[in-house]
Every structure is written in C-alpha cells, then in structure tokens.
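# Test case, fold it:
(chains A and B)
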Amino acid sequence: MTALLVRGGRVVDPTQELDANRDLLIRDGRIVQIAEGIAAEGDWDVLEAGGAIVAPGFIDMHVHLREPGAAHKETIATGTAAAVAGGFTAVACMPNTEPALDSPALIAEVLRLARAANLARVYPGAAITRGRAGAELAPYWRLYDAGAIAFSDDGGTVKSARVLRQAAIYARDVPVPFISHCEDDDLKGDAVMNEGARSMQLGLAGSPGLAEDVIVARDLLIALETAKRFHIAHVSTAESVELIRYARGRGAAVTCEVTPHHLILHDDAFERFRADAKVNPPLRAESDAAALRKAVRDGTIDVFATDHAPHAREEKEQLLGDAPVGFSGLETALGAYALAIPDLPLGRFVELLSSNPAAILDLPGGTLAVGAAADITVFADRPWTVDSAKFYSLGKNTPFDGMELPRKAVATIVGGRIVMRDGVVNARS
Amino acid sequence: MPARSLLDLDDFTSDELTYLLNRADAFDRRPPSRNLLAGITVVNLFFEASTRTFVSFAIAESRVGADVVALPPGSSSLGKGETIADTAITLAAMGVRVIVTRHPESGFPYRLAETFEGHVINAGDGRHAHPTQALLDLLTLKAEFGRIEGLRVALVGDILHSRVARSNVIGLKLLGADVVLVGPPTLLPDAMACDGVTIERDLDAILPTLDALVLLRIQRERIAAAVLPSLEDYARNYRLDARRAGRLKRGAIVMHPGPYNRGIELTQDVFAFEGWRYAQQVSHGVPVRMAVLDFLVNGREK
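So this is what the prediction gives:
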C-alpha cells in the first residue's frame, strides 16, 4: 500500500490537545506522521483538505442497520455507505434485528456482512436478554468473545428490574457496558408523541417525560448497586440529565448520549399528523431540548449518537398510530449537531463524536496519535440543504428534510483508504 | 389553489364562521330552492360506527341535491394494504368531489386531504376534532342568544378524550365567547389551559355564572384505565342533576353532543329542565352540514 498525505487541514484532536494546521501522513493504514508542511513524494496519494478540519474518525455508537431481518429498511452495506457519507468511520449497531443479536453466530454474521461491505467499521451490540424478550440472560462472555461491544435490549426496556439487576451482577466483569433504552411501556401506553400541551391540542396520545425518568432512575440505581458500567441511550428529558448528575455524584460508572433531533426539534413537529418525526423517545418540549444543550456544554453528556433508525418510505407514510418509530440520521448528523449548538468548541465537538464513544465502548480509534489506525473524518462549515432523496441510506425519511445545516463531512478515511470524498461514497478501491 | 376542506374549525376565519352560521340558519328556515350540489358526487367514508352524524350528513347531502355514496365501516380496502393516498387517488379518479370521513385515529382527514384532489369534511377524527358538531353547537347558541360573543360557555367532563370539546373551544374562541373547561385533572390536565380558556375544577362554584353548559359523554372504560375511580365519584362533582341545573342563571341552556349516558353525566330529570337543548342541537346538524357542503363546493353565495 502506498502512502496517503492529508494536506492543508486544521487538525483537531483532543486526545493530543492538538488544534493546529498540520499535514498528516498515512502508511499501511496507520498514521505515521503529523507535522507542518510534509513534502509529498512521487507515488503518494494526496488529499487536499483545503482548510477543512481533520479529526479522528467519528464513531456513531447508536445505529440500526436492520440486518438480519429487515433488509427492505436498510442493509449493512447501505447503512455503512450512509455512515461514511455522513463522516462516520465506525458505527455500533443495535441488536434489535430479526432475529435479535443474542448469539455468537449472529454477531459473526453481522461482522461478515460488514467486512463484505468494506466501508465503515461495524461494532455490533448484543442483546441483554435472549430474543430481547426480557426474561433470560444472553451469554455475555461468549458474545463478548465474538465481538459484541455492548449489551442492550435497545428499542425497548428490560421490563423486569430483577432480570436487569441479575444481568448486571452476572456481567459486571465483562469489559463492555450495558446500554439502557429507558422507557416505561406502561406509562408510555399507545403514545405516538410527547405528552404535553401539543399532544392534548392535537388529540394524540402522549408519552410523559416521566416514562423515561423512572427507568433512568431505576437503571442508575442498579448501576450504583451492582457496579456494572451503564450507558444511557438517547437521553431526552431535563430530569434524566439531573438524575445522571446525581448518580455520578454518588460514584456510578455511567455515561450517556444525546441525539441531534432531541437537541433541536420539539413536539410541535406533528402539526399535519405525519409520522416523519415519530421517534422513541419522543421529541420533547423546547425546555427539555434546552436542558440537553446545556448538558452537552457542561460535560454531563458524553456522546453525540444519532439513533439512525431507517424505515421504508411506505412504512413511514402510514397513519401516525401505525407508522414505525425512528428515522434516518447518519447523513444529517454532523450538520444537525452544529446547528444545535453553533458555538460548541470544536475540540468538544470532536470529542463527543470520536474519543468519547471510543473510550466508552473500548474501541480502537478516536485518536490521530502516531501509530493509530488511520480513521479520519474531514469536515467543514459549509451550509447545505438536506435532500433525503440523495441519501445512501434506504431510509429516506427525516424531519430535517429541506433544512439548511451549517456543517458537513467532506471526506471519510477508514484504515487509510478514502471511502467518501465530497459526498460520493467509494465502495471498492 | 387546492380545494378547500373542513378539517377543523381553524380552517375558517371568524368572518367565514359567521357566514356559515347565517347560511345554516337560513337553510333551517327555508330549504334551498335549487340543488346546490347538483352533479356533485359525495362519498361518506366512515371507519367508525355513527348514527347521528352519519344520518345527519346523509340528509344534508340529499337536501343539497348531491349524488351520495355511503361506505359503512369496515367496507373500505384501507387496512388491506391500500394506503391513504391510494384511497384518495382511487376516489378522485371516479369523479368523487367530496369525502366526508370519520376515523378512530386523530389526523386521518388531514392525511387524506394531503393527496385527495377534492374537499374533505372531517366528521370526527379520533379524539382530535369534530368541526360540524361544534358548528351545530354554535348555531344552537346563536339561535338561543342571538350572538356568541361574550357568552360564558362551560364544557364539562372528559375534555382530554373529546373531539367535540376541542372543536368547540376553537369555534367559541374565534367568535369571542368566554370558554371554561371543567373536569377532574385526569380528564382535564392543567396543560390544556391556553389563551382565552380557563380551567375550573369546581362546577358548583361557577354554575350561576354560565350562559351555557356543554356536557360530554363519560365512558365506563375510564374506570378500568384508572382514570376515574367510579362513576359515583365523578357524579359527586360533575353530574348535572335538577339541583345543579336549578343553580344556573335564568335563560341558561344545557347541551350534549350525544349519545348521553343517563345517570352518569346527567340525570334523567335534566330532560325536563327548560334549558335542555339536545333536540335543537340534533336538528341544527342538517342545515349546518348543508351550509358546509355548499360553502366548500360553491364558495360564498354570490
């Protein structure tokens, strides 16, 4: 393999406390040199960064790739194409597939499909309970050996506190975290949106913020008692954030993430009774979104994650009650995060998307240190307008469609190979 | 310009609302001399059982001379793989100009109107809206008091689940009434308060201040859903009986969208109360719906 020189960029790497104009030399898939004004040699490939920001490869630790079981919504190939198009060099996929990822063989199958797609790195999460049915424990050690990077019944909550507690006690020493999807089904009922003045005005069933808060509180207490490491997925309420602060103060090993949509959008997105913005947890009140933005600034929130949840167009076109939850997120994420908190320091922005998720899931990457795998995201503050028809994802549905976003990825490098440049995904090279 | 629909009363200005009420009042006094909707095909697409509204629309449609096709609940292919858009395109292609629809899910008529190239009239969607019911309630108030502006009107009961209440609030506010919502907090959360609408928990305290009282149906299912402890507990605070009706000011009226539950939201002796206006409401349903059909298809009278 020849060398690749990334030239003329502003390198931002919080792991090295670096924010400066540097060139970056890659050889055999690894970073070999960071310096000013590296002179290109004859047979090197050169990527002109043109003043764009060069950062450790972004990792989206919460995506749904839908394979196996729902290839009409997304495949590992299309999902990883969407990932690199959006500037992500790696994704952690959730196990709520059909069947659920609850056996080493299924983890191996996901990894095989990811290798075949050969775009973003794919780190599969495995179920906490067999079949995500909430009753029996999944084989944590064997799943870990097979490559599982976390355990989660995401898409739903482990209903029984007893089962989750037993799981946490048993899996305490497995070196990967539990990821909690926090939603009390009973409080949620048949809700299609957040409960509040908006849902009442529209005559739609709403899920109260309390449905999240009570499970966040429960899982944090289980984390405290068992000393199992927990990561709270897609935090959506002001109260959840407070609870996480409290549990950390008590010494719980807890991290958490926030999605772009919960930072920006709120529950006025249902005006015309369309399901575009139907998602779990639901878009909350503006006061919740404001509390989440504050929690990103003050460090309470560790990670930006999209909860990329693609569905077929005809599924999302159904009536609100019938339409599935979630939407495509990978290809709008960078711009949406920047829109949410325009003045967030770049180092913090990069950390939330690279070194923090890498540390939580114990993944290689998240750094541009010499010797590290050359997973690199190059992005720029260039306004662009979302056109979901152009997504690489099969999920063409997003509440951000038509919105102008201030930031976008301009190149994605995985293992030293340019897999996306100027929005065009390069599957084979 | 797309064809106008009636999805909820906020589709109209207060001026248009007044026009509609006057037009309905005129139809009530004297039927139109010609077939206002001659040659216009109307489909009544009901996905939920309805007697009052279904029959009222059917009569109104025949009185304006429309060609009417009625699809009883369960007969549509929606739910057999056909999407809302498919239904809209199919009916439009047959020359259907107006769809009157009732559906158990809030928002259905809005989704239908997205693709249907014609007029959609909402005959009740989930717990969201029931604009023609609100119109006939407004007409009943207008017939009684000669005006709506300045009237103090209370809606009592299960506001949270009531499409009648929501549409009434919009219409009453548009026409300048003072709206009071009354009920227990599970059926009337504090979050339902908004500009021009006050929430009261104590019906007895406000009875003497009201010009009109709209009772809403209380469903027994609310007990199993842990929303109400018992019908008796509800009755203690909110059931209208002769004693409570007697505390209303002179000339005040009582309305109910029907079907009413005797002994639950009202006692039988309310039927003997001089201000009980249920029959007038039902009777106003026909001219109101005639006026809506005429207005949507033909616009204002020239």
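
# Residue ranges of each domain in the chain, please.
Assuming you mean chain A. A:3-53+A:373-425, A:58-361 (automatic domain parsing).

# let's do chain B instead
Taken from automatic domain parsing, chain B resolves into B:9-129+B:285-298, B:131-281.

# what pLDDT, on average, does the first one get?
Read it as domain B:9-129+B:285-298. Mean pLDDT, computed over domain B:9-129+B:285-298, is 93.

# so, in contact with chain A or not, that domain?
Yes: counting by C-beta under 8 Å from any C-beta of the partner chain, chain A is contacted by domain B:9-129+B:285-298 at B:83-85, B:105-108, B:110-111, B:114, B:125-129. Every residue, glycine included, has its C-beta placed from N, CA and C.

# Tell me which stretches of the stretch 301-429 of chain A form helices.
With DSSP state H, counting those that start in this stretch as the criterion, the stretch 301-429 of chain A has helices at A:313-316, A:333-340, A:346-353, A:355-361.

# what about stretch A:14-22, start to end distance?
This stretch, stretch A:14-22, spans 14 Å end to end (C-alpha to C-alpha, to the nearest Å).

# quick check, distance from that stretch to the centre of its chain.
Chain-centre distance of stretch A:14-22: 24 Å, with C-alpha atoms, centre = their mean, to the nearest Å.

# Same question for that stretch: list its buried residues.
A:P14, A:T15, A:D19, A:R22 (16 or more other C-beta atoms under 10 Å in any protein chain shown).

# Double-check that B:R243 belongs to a strand.
No: counting by DSSP: H, G, I helix; E, B strand; the rest coil, B:R243 falls outside a strand, being helix.

# May I see the domains of chain B arranged in JSON lines, with distance to A:F273 as well?
Below are those laid out as JSON lines (distance: least, C-beta to C-beta, whole Å):
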{"stretch": "domain B:9-129+B:285-298", "distance to A:F273": "3"}
{"stretch": "domain B:131-281", "distance to A:F273": "13"}
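
# would you list the ones you listed in CSV and tack on mean neighbour count?
Below are these laid out as CSV (neighbours: other C-beta atoms under 10 Å in any protein chain shown):
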stretch, mean neighbour count
domain B:9-129+B:285-298, 19
domain B:131-281, 19
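
# Now for B:D10: which residues touch it?
By C-beta atoms under 8 Å, 6 or more residues apart in numbering or on different chains, the contact set of B:D10 is B:I170, B:L174.

# Distance check, it against A:L106.
Distance, B:D10 to A:L106, using C-beta to C-beta, to the nearest Å: 51 Å.

# picking that back up, can you redo the buried residues of stretch A:14-22 as CSV with pLDDT, distance to chain B and secondary structure?
Putting those into CSV (pLDDT from 0 to 100; distance: C-beta to the nearest C-beta, whole Å; DSSP: H, G, I helix; E, B strand; the rest coil) gives the following:
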residue, pLDDT, distance to chain B, secondary structure
A:P14, 97, 42, helix
A:T15, 97, 46, helix
A:D19, 98, 45, strand
A:R22, 98, 52, strand
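
# From B:G126, how far off is whatever residue of chain B ends up closest to chain A?
With C-beta to the nearest C-beta, the shortest gap between chain B and chain A falls at B:G107, namely 2.6 Å. For B:G107, the distance to B:G126 equals 7 Å [C-beta to C-beta].

# Name the residues contacting each of those two.
A:L204.

# and the longest helix seen in chain B, what does it pack onto?
Identified as the longest helix of chain B according to DSSP state H is helix B:278-298. The helices and strands touching helix B:278-298, judged by 3 or more C-beta pairs under 8 Å, 6 or more residues apart in numbering or on different chains; DSSP states H and E, are helix B:14-29, helix B:52-63, strand B:96-103, strand B:119-125, helix B:131-145.

# List of residues touching the longest one?
Contacts of helix B:14-29 with the rest of the structure, by C-beta under 8 Å, 6+ apart, involve B:9, B:12, B:63, B:135, B:138-139, B:142-143, B:171, B:174-176, B:283-284, B:286-288, B:290-292, B:294-295, B:300-301.

# Could you tell me which residues of the stretch 151-300 of chain B lie near chain A?
For the stretch 151-300 of chain B, the contact set with chain A under C-beta under 8 Å from any C-beta comprises B:L160, B:R163, B:R166, B:P189, B:A191, B:M192, B:C194.

# and the residue of the stretch 201-350 of chain A nearest chain B?
A:F273 (2.6 Å).

# helix or strand for that residue, which one?
Secondary structure from DSSP states H and E places A:F273 outside every helix and strand.

# Now do the same contact list for it.
Residues in contact with A:F273 (C-beta under 8 Å, 6+ apart) are A:L202, A:L204, A:L319, A:L320, B:S106, B:G107, B:F108, B:Y110, B:R111.

# swap in A:A252?
A:L220, A:A223, A:L224, A:F230.

# out of these, which are inside strands?
Mapping the contacts of A:A252 onto strands (DSSP state E) picks out A:F230.

# any idea how far A:E67 is from A:L101?
Distance of A:E67 to A:L101, computed by C-beta to C-beta: 10 Å.

# Same question for B:R127.
Plainly put, B:R127 is 39 Å away from A:L101 if you go by C-beta to C-beta.
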